[in-house]
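Visitor: any chance you can model this:
(one chain, ligands or ions: 2)
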Amino acid sequence: MDVLKKVPVREQDAKVRAANFEEVCYGYNASEAREEAARCLKCKNAKCMGGCPVSIDIPGFIREVEAGDFEAAANVIAKASALPAVCGRVCPQESQCEGKCIRGIKGEPVSIGKLERFVADWSRENGFVPKAAAEKNGRKVAVVGSGPAGLTCAGDLAKLGYDVTVFEALHEPGGVLTYGIPEFRLPKDTVVRMEIDNVRKLGVKIETDVIIGKSVTIDELMEEEGYEAVFIGSGAGLPKFMGIPGENANGVFSANEYLTRSNLMKAFREDYDTPIVAGKKVAVVGGGNVAMDAARTALRLGAEVSVVYRRSEAELPARVEEVHHAKEEGVMFHLLTNPVEILTDDKGWVTGMTVRKMELGEPDESGRRRPVEVPGSDYTIEVDTVIMSLGTSPNPLISSTTKGLEINRRKCIVAEAENGQTSRPGVFAGGDAVTGAATVILAMEAGKNGAKGIHEYLCGKA
Ligand SMILES: Cc1cc2nc3c(=O)[nH]c(=O)nc-3n(C[C@H](O)[C@H](O)[C@H](O)COP(=O)(O)OP(=O)(O)OC[C@H]3O[C@@H](n4cnc5c(N)ncnc54)[C@H](O)[C@@H]3O)c2cc1C
Ligand code: SF4
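Guide: Numbering: from 1, shown residues only. Ligands and ions are numbered 1, 2, ... in the order given. Down below sits the predicted model:
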């Protein structure tokens with residue numbers, strides 16, 4: 001065994017997986033996990049923990065994996081995280097825990113994410129269930145949204161004995177974990193639903209098909225229904241568009257809509273009557289993780305897919321692993337290219353897209369080099385479907401129906417980072433609704449901080 005290298009993880013062959021929705025990565029088995037755990041130095045000053053927003057005792061759980069006591073490892077992780085099977089699969093570990101791992105100074109860091117995933121999968125297969133609070137305190141708290149922020153906040157409050165109800169607008173809980181991230185990266189039945197069930201087992205109630213701000217307002221929950229505090233984890237689900245001619249044509253989707261139709265309406269299953277027009281030649285505009293997910297989904301639905309991105313490969317905001325997987329599967333990249341018009345036939349269906357070449361200028365306020373148009377460089381690519389993946393912002397429904405709730409110019413709710421307190425007493429918020437589109441683990445950290453803030457607020461009020 002070369003201790004400088006990670007124990008390799010088995011994956012589905014790229015050619016095979018490009019035509020199915022089965023999970024790409026198989027994860028470690030028990031002996032691979034123990035071998036990888038043995039690479040960890042169990043540092044006294046474990047730098048990896050400084051890179052984990054929810055402060056999992058990383059050397060603590062890895063020590064148990066190495067010893068083969070997987071239940072003990074699961075108990076260590078459960079103290080800090082309600083969604084380890086999710087995080088082990090989708091967290092950007094390379095820029096978090098693994099980015100700080102001492103083992104990574106010489107050689108490759110410990111594969112912390114894959115070890116977390118192994119422990120979480122072992123827990124599921126062996127019926128491990130996190131412990132509920134011994135006693136309830138009878139105080140009611142409402143949580144808006146069942147994404148990672150809401151679920152984490154709800155789980156932590158339930159562990160403290162609160163009577164927690166999560167209100168979710170859609171018919172399935174999970175937020176982006178359920179309707180955004182595709183099945184081949186995050187299986188819904190075995191991973192997402194199982195971890196949501198574990199949150200329910202802590203005593204959390206989840207009511208779906210309830211749109212806060214329409215079905216009932218936050219003011220009504222607090223003034224008429226006896227909720228003493230509310231946590232808003234409603235995410236950032238409103239897609240952005242470019243504002244170019246032809247963007248309203250048939251065959252133009254936001255990535256959110258395309259992925260939701262695939263994930264929630266099971267566009268990829270033959271036994272479902274799918275309402276999606278999958279497309280034969282698809283252009284995905286944008287270069288983030290969401291763009292890679294949309295491109296790889298379109299590919300699996302049978303299309304020839306190109307990603308159109310206005311900067312170069314070095315500036316692609318998607319995780320390196322996602323870009324690598326997309327390329328391996330056959331997604332093509334038009335880099336330094338920006339759409340200027342979507343072309344249609346006389347019935348309004350997409351037939352092509354005019355794009356313009358770009359070059360990189362001076363760095364902008366984000367630190368990345370600004371794309372500058374190359375005059376006279378326009379050309380047309382033949383496509384029948386365009387998926388816009390340009391980012392999202394929070395839906396203003398809640399802020400516009402809740403008295404005294406301050407938002408900023410990006411329509412995000414203004415809340416304290418350390419406890420989620422908003423401008424409205426008793427109302428807390430966190431996750432994408434506050435930060436704009438970010439990551440699962442940052443939403444979970446915000447959910448944890450919100451639970452702590454609510455507990456302190458209610459203890460002070462009692
Ligand atoms: C396609 C895609 C891929 C991604 N991939 C990754 C990845 O690989 N790794 C990573 O770390 N992050 C990834 N992200 C980002 C990550 O998923 C989000 O940052 C995270 O889910 C935010 O969590 P949240 O709880 O704040 O919001 P969400 O997950 O958006 O959940 C909010 C929930 O609130 C509900 N809601 C909204 N309004 C109301 C209302 N008025 N009443 C009731 N309910 C309401 C919504 O229906 C939703 O279920 C991805 C995002 C997308 C879209
Ligand atoms: S920094 Fe790396 S080697 Fe050290 S405890 Fe954390 S995972 Fe193990």
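Visitor: any idea how far the closest residue to ligand 2 within the stretch 51-200 of the chain lies from ligand 1?
Guide: Residue nearest to ligand 2 within the stretch 51-200 of the chain (CB to the nearest ligand atom): Cys101, separated by 3.3 Å. Yep, even glycine has a C-beta here, placed from its N, CA and C like the rest. According to CB to the nearest ligand atom, to the nearest Å, Cys101 and ligand 1 sit 18 Å apart.
Visitor: that residue and Cys52 touch, don't they?
Guide: No: proximity of Cys101 to Cys52 does not meet the contact threshold set by CB atoms under 8 Å, at 10.9 Å.
Visitor: confirm Arg424 sits in a strand?
Guide: No: assessed with DSSP: H, G, I helix; E, B strand; the rest coil, Arg424 is coil; it does not lie in a strand.
Visitor: how about the helices in the stretch 51-200 of the chain?
Guide: 58-67, 70-78, 84-90, 97-100, 112-125, 148-159, 176-179, 193-201 (DSSP state H, counting those that start in this stretch).
Visitor: tell me the mean pLDDT over the second one?
Guide: When you say that, I think you mean helix 70-78. When the per-residue pLDDT values of helix 70-78 are averaged, the result is 96.
Visitor: can you list the helices of the stretch 51-200 of the chain in JSON lines and add distance to Ala415?
Guide: Formatted as JSON lines, these follow (distance: least, CB to CB, whole Å):
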{"stretch": "helix 58-67", "distance to Ala415": "28"}
{"stretch": "helix 70-78", "distance to Ala415": "26"}
{"stretch": "helix 84-90", "distance to Ala415": "22"}
{"stretch": "helix 97-100", "distance to Ala415": "25"}
{"stretch": "helix 112-125", "distance to Ala415": "28"}
{"stretch": "helix 148-159", "distance to Ala415": "11"}
{"stretch": "helix 176-179", "distance to Ala415": "19"}
{"stretch": "helix 193-201", "distance to Ala415": "22"}
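Visitor: out of those, deepest packed?
Guide: Ranked by mean neighbour count under mean count of other CB atoms under 10 Å, the helices of the stretch 51-200 of the chain are led by helix 148-159, which reaches a mean of 30.
Visitor: centre of the chain to that one, how far?
Guide: The offset between the C-alpha centroid of helix 148-159 and the centroid of the whole chain comes to 16 Å, using CA atoms, centre = their mean, to the nearest Å.
Visitor: cool, stretch 435-453 as well?
Guide: Between the mean C-alpha location of stretch 435-453 and the chain-wide mean there is a distance of 12 Å, by CA atoms, centre = their mean.
Visitor: what residue ranges in this structure score low on pLDDT?
Guide: Low-confidence segments of the chain, defined by pLDDT under 70, are located at 266-270, 272-276, 462.
Visitor: top helix in it by residue count?
Guide: In the chain, taking DSSP state H as the definition, the longest helix is helix 440-461.
Visitor: cheers, nothing more for now.
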